[in-house]
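Asks: what follows is a predicted structure for the sequence shown.
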Amino acid sequence: MSTLQGTLAAGAPAAEAPVRRVGRVTLFRVLWRSFFFQAACNYERMQNVGFAFCILPALTRLYQGEDLKRAMTRHLEFFNSHPYMTDALLGATVRLEEEHAAGRIGEERIQGFKATMMGPMAAIGDSFFWASLKPFAAALAVAGVFSDVPWAPLVFLLLYNMFHLVLRIYGLFAGYRMGERVFEKLYQIDLVQFSDRSHYLAGVCIGVGGALLVEHATRSRAALGQNLESVLLIALVLILFQLLKRKVTMIWLLYGFTLLCLGMILGLNAFFPLIERGE
Amino acid sequence: MSFDPLQLSRDALQVTLVGGLLALDRRGAFQLMVSQPLVVIPVLGLMFGQLDTALWMGALVQLLWMASLIVGASVPPNETLASVVIGGTVLLYARHFGTPDVAVQAMAILVGAPVAWVGRWLDIRLERENLSLCARADEAARAGAPFALSRLPAVGLLRTFAAEGSLIALGLVLSILCVAIARPLLGRPEVKAFEVVGIYLLPALGLAVALTTVRRRRALLLSAASFVLVLIGLRYLEVQ
């Protein structure tokens, strides 16, 4: 087998052998390991150790000796993608490894597949999970907390993980079943369109949460009257939003406006003592 | 309320252990989002029987770090470590020093927020340290030793837990000391000033940060419309 793969790696044609399948248990082991995909993330080759760690149960089923060494080294090349979308790539790579072990394809095809697909997969995962689903689920749960719903954090976890876990499990098995065509399948699910819509839902949730927060704030104090305070608070949100859009960081705004706020209140109180000292 | 330093240390250790474990979810293990402030602080609140305060704090801290996203190779501020320190400070204050009023909550956020940036620095350091794991993985591959390679993620997780747990412990001790010492020294004007920060400024900043995550102009308009409608509805219900 080793000689056969060595010939294939060099690009020469070779005789085909029957494909040996890794089995369902091995795929479940790959799936379990994928939850620790980023545990050894490093600056040089990013998630390479994670990828090799995840695919290792399949490699040990398919190869031994020198072939195993080559396969392990192959998967320690640079790899950087979205952790949830990597399951689909893992499934497809296991399928390619099976075909490589049977002498049907060369190892450069596996390398090429990983290198080509990690970018697009990361783009889909980043825009869907990080930039859309997470803000939407969090905004919904925050609005829930401000409406006195004590189990709102559970809604956040359920909503987020419903998509996360389904896509991970489905991705791995679809990747294994479809091999290199898995990207087409994931593209058909149209996560990009869903992520576009979730921005609107997140917007509504933030609006509702904001209104509840303003109501809570003005009801608890209302030194100037509820309506005037609501308007002032909205104006403050808009000023801070504009500053954030102009790349002023949150930490600067937090401490800058706190100092401004404390200075104004304590300064004004020094000249016009409305609040008496003492506890 | 009697102050027991031994009990406080035990509680701080509990916060450190639970917070350190939940913090692993942020990048190293599972990524089920149990490391988000909205979940971490209520979990700590359940531990200390202060769920209401913890839910409110969790939601507020979540808003403040809503835009903190791990996209690609970027390393954003570590909101989980900050939320453990902020939540832990408020909850331990409630258990050992008295009712955590709005001034205490605002002070906890102001004192605990820099932990997110120290956490970011720590995350970068850990990724650099993990280069040694990469080298060990190469050795394992050359030797054809799958078991040696399989151990490496566990080593990475242990490193992360030790480093982040230490930061939580240090941040928590400093934060609780600051708040517990400073709060009784504040006069009424200072307390009022911190209340204004806690009731108006922090929620306003949180909402502004949350709005930056909405990437569509129409969605922003929708957000404004739903805001106005709900506010009018609430006022109408109040009048009724």
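Replies: Looks like it came in fine. Residues are numbered from 1 along each chain as shown, chains lettered A, B, ... in the order given.
Asks: low-confidence ranges in the chain?
Replies: As the question left the chain open, I've gone with chain A. Scanning chain A for pLDDT under 70 picks out the ranges A:1-16, A:220-226, A:274-279.
Asks: meant chain B, my bad for not saying
Replies: Looking at chain B by pLDDT under 70, you get B:1-2.
Asks: state which helix of it is the longest.
Replies: Secondary structure of chain B per DSSP state H: the longest helix is helix B:146-185.
Asks: kindly report the same for chain A.
Replies: Criterion DSSP H: the longest helix present in chain A is helix A:191-220.
Asks: and the following helix or strand past that helix, anywhere near chain B?
Replies: Remark: after helix A:191-220, the chain's next helix or strand is helix A:226-245, criterion DSSP states H and E. Yes - Helix A:226-245 lies within reach of chain B by CB under 8 Å from any CB of the partner chain, at A:226, A:230, A:233-234, A:236-238, A:240-241, A:243-245. Any C-beta I mention is one placed from the backbone N, CA and C, and that applies to glycine too.
Asks: of all the residues in the longest helix of chain A, which ones are buried?
Replies: For helix A:191-220, burial by neighbour count (16 or more other CB atoms under 10 Å in any protein chain shown) applies to A:191, A:195-196, A:198-218.
Asks: list the contacts for residue B:38?
Replies: By CB atoms under 8 Å, 6 or more residues apart in numbering or on different chains, the contact list for residue B:38 reads A:138, A:141-142, A:145, A:152-153, A:156, B:58-59, B:61-62.
Asks: just the ones of those residues in helices?
Replies: Among those, DSSP H puts A:138, A:141-142, A:145, A:152-153, A:156, B:58-59, B:61-62 in helices.
Asks: and which of these is nearest to residue B:41?
Replies: Nearest to residue B:41 out of these is residue B:58 (CB to CB; 3.6 Å).
Asks: show me what contacts that closest one?
Replies: Contact partners of residue B:58, counting by CB under 8 Å, 6+ apart, are A:145, A:153, B:37-42, B:45, B:83, B:87.
Asks: apply 6 Å and report the result again.
Replies: For residue B:58, the contact set (CB atoms under 6 Å, 6 or more residues apart in numbering or on different chains) comprises B:37-38, B:41-42.
Asks: kindly report the same for residue A:203.
Replies: Counting by CB under 6 Å, 6+ apart, residue A:203 touches B:214, B:219, B:222-223.
Asks: which of those residues fall within helices?
Replies: Mapping the contacts of residue A:203 onto helices (DSSP H) picks out B:219, B:222-223.
Asks: most neighbours, which of the residues you listed?
Replies: residue B:223 (27 neighbours; other CB atoms under 10 Å in any protein chain shown).
Asks: what about that one, distance to residue A:233?
Replies: Separation of residue B:223 from residue A:233 (CB to CB, to the nearest Å): 15 Å.
Asks: redo the contacts of residue A:203 as TSV? Include distance to chain A.
Replies: As requested, those are exported to TSV (distance: CB to the nearest CB, whole Å):
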residue	distance to chain A
B:214	5
B:219	4
B:222	5
B:223	4
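Asks: which pair of the residues you listed spans the longest distance?
Replies: For the contacts of residue A:203, with distances taken as CB to CB, the pair at the greatest spread is B:214 and B:222 (8.7 Å).
Asks: now what about stretch B:76-91, what contacts it?
Replies: By CB under 6 Å, 6+ apart, the residues outside stretch B:76-91 that reach it are B:15, B:19, B:23, B:26, B:35, B:37, B:40-41, B:44, B:48, B:50, B:57, B:61, B:65, B:68, B:100, B:105, B:108-109, B:112-113, B:115-117, B:119-120, B:123, B:164, B:167-168, B:171-172, B:175-176, B:179.
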